[in-house]
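Student: model this:
(one chain, ligands or ions: 1)
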Amino acid sequence: METAPMVTALALFVGVVVLIHFKRSSVCVFRSSFIWILSQLWGHRVQFLLTAVRSTTFATRQELYRLDITRHIPLHFQLLSCVLKRFSQHKSIFRVPYLDKWVVVLCSPELINDLRKAREEDLSAAHGFGATLAVNYTLGAGFVTNPYHVRVIQSSLTRSISARFTDIHDEISTAFQDEIKPSNDWVAVPALRTVLRIVSRTSSRLFVGIELCRNTDYRNLSIEFAEDVIKRARIINLFPDVLKPLVGPMLSPKPRAMARARRHLVPVIEERLRMDNEYGADWDGRPNDMISWLLEHATDDERTVDKLIERILMINFVAIHTTANSFTQALYHLAAAPDYVTPLREELETAVREDGWSKAAMGKCIKLDSFLRESQRFNGVSAINMNRMVTNPAGFTFSDGTHLPHGSFMAAATYATHHDDAHYAHAEVFDGFRFARMRAGDGGEGGAESVKFGMVTPDPTFLSFGLGRHACPGRFFAVTELKVMLAHTFMNYDIKLEQNSGIRPPSEWFGTTCGANRSAKVLFRSRA
Ligand code: HEM
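Tutor: Below you'll find the model as predicted:
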């Protein structure tokens with residue numbers, strides 16, 4: 001009985017806090033939800049009309065952003081992706097409402113270059129990722145406060161790709177054989193789920209060794225944790241900051257994932273720590289894997305079993321789904337356009353004849369590299385990349401004079417940049433060897449030596465891996481994995497789409513995220 005007034009008071013308090021929090025950002029959210037429902041019912045004309053009215057109001061209220069009425073469209077989820085895909089192809093800057101904040105979108109190479117050149121103390125990537133992924137409650141605060149895993153990936157992992165190439169190739173071959181049994185008949189394979197298992201095994205072979213990478217529960221944990229982080233972060237971000245410490249721990253996917261990971265990783269890490277403490281970091285037979293690399297860079301407070309497990313979960317999070325989605329998209333492209341297969345096979349056969357299956361051979365496969373880069377250009381994993389927050393109390397001013405205040409969030413319009421005819425001829429057409437031709441024509445320097453237009457080389461018109469100091473440090477490993485997987489596929493199988501229609505299964509958009517089609521199957525048949 002006595003608790004009733006307290007519960008009512010608490011409910012009122014929470015209600016008021018939520019209202020205050022949502023006062024600014026969610027007026028637009030409610031309005032855009034309303035617009036969305038209307039547009040579902042009566043078509044897109046209503047949506048444009050209401051949006052235009054709303055944009056005018058906004059423009060007169062605030063002078064912060066230069067607005068283009070037809071392009072400043074406040075929407076989220078499906079509409080958000082629609083906006084970011086179709087309406088940001090212009091040389092400007094505009095902002096869109098997420099459920100929890102406004103995000104300023106940069107649409108020209110000049111503005112994106114400003115973002116690339118900005119000092120860390122002006123624009124923070126860590127705060128950008130941190131807020132988007134609610135890291136304090138999902139991955140762990142260390143992802144932002146002490147991101148030493150970035151150095152580990154940049155240096156130790158990237159340096160070890162050649163030395164561990166045989167393991168990468170072996171794990172990919174074995175995983176394909178386990179997942180897609182050799183058969184003279186066509187076998188339908190659910191593409192994305194299968195690829196996720198292959199990528200998870202391959203990454204884990206380098207990260208934690210052959211035994212664990214083939215353990216079904218460990219493999220499922222690596223896949224499921226990343227999915228949980230994304231889902232939970234979206235929910236946690238719906239709450240105002242003041243309530244996050246309350247709901248964050250309740251919704252956190254970390255405790256369950258840690259408990260599950262401990263079962264597999266504790267013995268391995270304890271033994272490694274024991275050996276390192278006894279013999280230093282140079283003992284014979286010390287595995288050349290992620291655990292060793294982390295220990296080489298970790299400060300004392302990070303050298304505990306739990307902290308190392310947490311770090312491995314973080315690395316799995318950034319490494320597995322990105323690569324699996326990218327590969328599945330490329331696989332769909334290849335299955336939909338089998339004419340690419342013969343030139344790809346010929347190129348690979350020549351390279352392997354000269355260098356065997358090695359990193360050097362992969363480096364010589366310019367057409368393969370081009371095909372993968374074009375697939376990234378065409379789909380990517382997100383409509384916007386390079387999330388940053390303005391951390392300078394004085395705000396941030398772009399080279400064109402646009403000023404954003406402290407606390408603003410921004411990102412680069414990747415999809416729109418990639419699909420702009422000003423940057424790519426016939427940008428809406430998938431042209432697998434586009435970059436191979438560009439590379440050959442690169443001032444006569446073309447061929448394997450030229451890194452320009454190569455898959456791992458970001459530039460202001462190719463943003464799949466970001467750009468500048470925070471460009472994806474795992475891209476060298478990811479690209480090696482992607483090349484070996486695609487090469488293994490076309491050398492060992494014939495592939496086609498289920499209906500043999502030549503139409504690539506459409507990507508699935510959720511807000512700004514672009515995923516490979518989850519339900520499509522690809523047919524595989526072993527080559528004679
Ligand atoms: C095809 C696969 C991949 C794609 C498309 C991709 C894409 C990206 C993008 C767009 C960013 C943000 C860059 C920016 O903000 O400027 C990023 C950051 C990052 N990626 Fe990747 N990534 C991939 C694979 C990997 C792999 C395999 C690893 C690790 C082994 C990895 C580790 C990271 C890390 C640690 C960051 C944060 C970098 C920082 O904070 O400075 N990624 N990635």
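
Student: measure the residue of the stretch 151-300 of the chain found nearest the ligand to Pro147 for me?
Tutor: Nearest to the ligand in the stretch 151-300 of the chain, going by CB to the nearest ligand atom, is Ile153, at a distance of 4.9 Å. The way it works is simple: take the backbone N, C-alpha and C, and place the C-beta from them, glycine included. From Ile153 across to Pro147, the span is 10 Å (CB to CB, to the nearest Å).

Student: which of those two has more neighbours?
Tutor: More crowded of Ile153 and Pro147, by other CB atoms under 10 Å: Ile153, with 22 against 19.

Student: list the contacts for the residue nearest the centre of the chain?
Tutor: Centroid-nearest residue in the chain: Thr322, 4.5 Å away (criterion: CA atoms, centre = their mean). By CB atoms under 8 Å, 6 or more residues apart in numbering, the contact list for Thr322 reads 381, 478.

Student: Recalculate using a threshold of 10 Å.
Tutor: Residues near Thr322 by CB atoms under 10 Å, 6 or more residues apart in numbering: 199, 226, 381-382, 464-465, 472, 474-475, 478.

Student: And the pLDDT at it?
Tutor: Note on Thr322: pLDDT of 97.

Student: Sticking with it, tell me its helix or strand.
Tutor: Using DSSP states H and E, Thr322 sits within helix 305-336.

Student: Run the contact check for that helix versus the ligand.
Tutor: Yes. In terms of CB under 6 Å from any ligand atom, part of helix 305-336 sits within range of the ligand, namely 315, 318-319, 322-323, 326.

Student: residue ranges with poor pLDDT in the stretch 351-500 of the chain?
Tutor: 442-450 (pLDDT under 70).

Student: At which residues are the strands of it located?
Tutor: Counting by DSSP state E, counting those that start in this stretch, the stretch 351-500 of the chain has strands at residues 384-390, 396-397, 403-404, 409-413, 493-497.

Student: how many neighbours does Leu221 have?
Tutor: The burial count for Leu221: 21, using other CB under 10 Å.

Student: List the contacts of the nearest residue to it once chain neighbours are set aside.
Tutor: Spatial nearest neighbour of Leu221, chain neighbours left out: Arg260 (5.1 Å); criterion: CB to CB, 6 or more residues apart in numbering. Arg260 is in contact with 217-218, 220-221, 224-225, 313, counting by CB under 10 Å, 6+ apart.

Student: re earlier: got the angle for the helix holding Thr322 vs strand 493-497?
Tutor: Calculated by axes from the mean of the first three to the mean of the last three CA atoms, to 10 degrees, helix 305-336 forms an angle of 80 degrees with strand 493-497.

Student: Look up how far the ligand lies from Ala394.
Tutor: Distance, Ala394 to the ligand, by CB to the nearest ligand atom, to the nearest Å: 23 Å.

Student: count of neighbours near that residue?
Tutor: Per other CB under 10 Å, the neighbour tally for Ala394 reads 10.

Student: quick one, what contacts it?
Tutor: Contacts of Ala394 by CB under 10 Å, 6+ apart are 122, 403, 405-406.

Student: sorry, back to before: and the residue nearest to Leu221, its phi and psi?
Tutor: Per-residue torsions, Arg260: phi -70, psi -40 (degrees, to the nearest 10).

Student: which parts of stretch 501-511 are buried?
Tutor: 504-505, 507-509, 511 (16 or more other CB atoms under 10 Å).

Student: which of those residues sit farthest apart?
Tutor: Arg504 and Gly511 (21.7 Å; CB to CB).

Student: Residue numbers of the stretch 51-200 of the chain in contact with the ligand?
Tutor: Neighbours of the ligand within the stretch 51-200 of the chain, by CB under 6 Å from any ligand atom: 125, 147, 149-150, 153, 157.

Student: Format those as TSV; extra columns: distance to Ala188.
Tutor: As requested, those are exported to TSV (distance: CB to CB, whole Å):
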residue	distance to Ala188
Ala125	41
Pro147	41
His149	38
Val150	40
Ile153	36
Leu157	35
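
Student: Nearest to Arg518 among the residues you listed?
Tutor: Using CB to CB, Ile153 comes nearest to Arg518 of those, at 27.4 Å.

Student: and that closest one, what is it in contact with?
Tutor: 147, 290, 293, 315, 318-319, 472-477.

Student: same thing but 6 Å
Tutor: 473-474 (CB atoms under 6 Å, 6 or more residues apart in numbering).

Student: go on, Ala336?
Tutor: Contacts of Ala336 (CB under 6 Å, 6+ apart): 497, 502, 504.
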